[in-house]
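J.: Model the following, please.
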Amino acid sequence: MLLLPSPALAQAKDPVKLKVGMVAAVDMLALPIAVERGFFEKYGLDVTIARPYATGVDALNALQAGETDMVQAGVPSIGAILRGMDLVFFGNFSGNATKLGSDATLALVANGDSGIVKGDLKSLKGKKIATSFGTINHLYILGLLEKAGLAPTDVTLVNTPPPEMTVALLAKGVDAFVCWDPAPVIGMKDVPGAIEVIRGGDVISYLGFNVALRPWMEKNGPTIEKFLAAVSEADQWMRKNPKQAAGIGTRWIPGLKLDVAETAMQYNIQQVDRRISAHNYRALWKAQDTLQRLGVIKSVFDVNKHIEPKFILSVMKTYPDLFSDLQPIPADVEIKPGFVFKP
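T.: Residues are numbered from 1 along each chain as shown. Just a heads-up that it's a prediction; the model follows:
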């Protein structure tokens, strides 16, 4: 009997070269997993992952410089678009298509003698808090302050790259830091007496998009669909094999220890959902609304012009098994023909 290869496997005979960028964060690990597990090869791609960047700002700078074809980034994309970078979002690396709030991979860690009380956000008043300006952890601390009834001026925010946050807390240069994993897990492990004041809480909706420049996207639709199919399969494998996924993470994120990776992975898999729904449009709109209302940005853009869902919708239709372990997207937030997001 002659076994015929699937269309995807047939395409693998002439793989398409692709350069992608990631940040040194646990929620980015679908990319190296797809490399190590052979998912990119299966779908006909020859992918090179650029060195892990410290933040999404650095990843977007690399995209603009032509170092990569696409990157994974979230909140920094807002500032980049407002400065004139024509970006398009075509999938999620982290977030949630079934509900609006999702921030399980974010936490605020404080020194035990800082006067900040676990679970009491009002105790942040007057404190010095490290965050990375223009990123998702900046949006998260603004959301926490708003939830506590505090203004940004009630605290001192210190712009700090994630790799330096634990050192800043250990040296007591700050009272607390807020960041994505693995930084909070590392802080809790390495700073004696540290307390996790809050983790997640659905305070904000996570923004974690697959991003490319519009001219590249317009010329590479078939490649984008192959990419999204491969990383969707990596996502599902990660959800089913979190310990093995954590092990892969230690080979791609500098300095990441296995015990830290395994703890962080437990939070990560709670919001690994590559799909796009109206919730993701609202998350992007709401992030802009919050940042403008608090004076961080002066203007906003129409999210309909910068989200292109057709590629991931095609993957969802062609490979439904890749998403069969996820909660179904509610009918009232499904993206259907003619969909236009309205706040």
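J.: what's next to stretch 294-313, contact-wise?
T.: With contact meaning C-beta atoms under 8 Å, 6 or more residues apart in numbering, stretch 294-313 is reached by 78-79, 81-82, 87-91, 138, 142, 146, 152, 217, 221, 224-225, 228, 274-276, 280-281, 284-285, 288-289, 291-292, 335, 339-341. Every C-beta, even on glycine, is put in place using the N, C-alpha and C of the backbone.
J.: quick one: buried residues of that stretch?
T.: 296, 297, 300, 303, 306, 307, 308, 309, 311, 312, 313 (16 or more other C-beta atoms under 10 Å).
J.: from those residues, which is closest to residue 205?
T.: Looking at these and their distance to residue 205, the nearest is residue 303, at 12.4 Å (C-beta to C-beta).
J.: Look up the pLDDT of that closest one for me, please.
T.: pLDDT for residue 303: 97.
J.: Repeat that for the one 10 residues further on.
T.: Note for residue 313: predicted pLDDT of 97.
J.: Return the backbone torsion pair for it.
T.: Taking degrees, to the nearest 10, you get phi -60, psi -40 for the backbone angles of residue 313.
J.: still on that earlier bit, possible to save the buried residues of stretch 294-313 as CSV with secondary structure?
T.: As requested, the buried residues of stretch 294-313 are arranged in CSV below (DSSP: H, G, I helix; E, B strand; the rest coil):
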residue, secondary structure
296, coil
297, coil
300, coil
303, helix
306, coil
307, strand
308, coil
309, coil
311, helix
312, helix
313, helix
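J.: and which of the residues you listed is nearest to residue 73?
T.: Nearest member of the buried residues of stretch 294-313 to residue 73, counting by C-beta to C-beta, is residue 306, at 12.3 Å.
J.: ok, so what distance separates the residue nearest to residue 250 when sequence neighbours are not counted from residue 24?
T.: Of all residues not flanking residue 250 in the chain, residue 256 sits nearest, at 4.9 Å (C-beta to C-beta, 6 or more residues apart in numbering). When distance is defined by C-beta to C-beta, to the nearest Å, residue 256 is 8 Å away from residue 24.
J.: same deal with residue 213?
T.: 23 Å.
J.: Who has more neighbours out of these two?
T.: residue 24 (23 against 17; other C-beta atoms under 10 Å).
J.: re earlier: redo the buried residues of stretch 294-313 as CSV? Include distance to residue 102.
T.: Converted to CSV, the buried residues of stretch 294-313 look like this (distance: C-beta to C-beta, whole Å):
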residue, distance to residue 102
296, 21
297, 22
300, 21
303, 17
306, 20
307, 17
308, 21
309, 18
311, 21
312, 17
313, 20
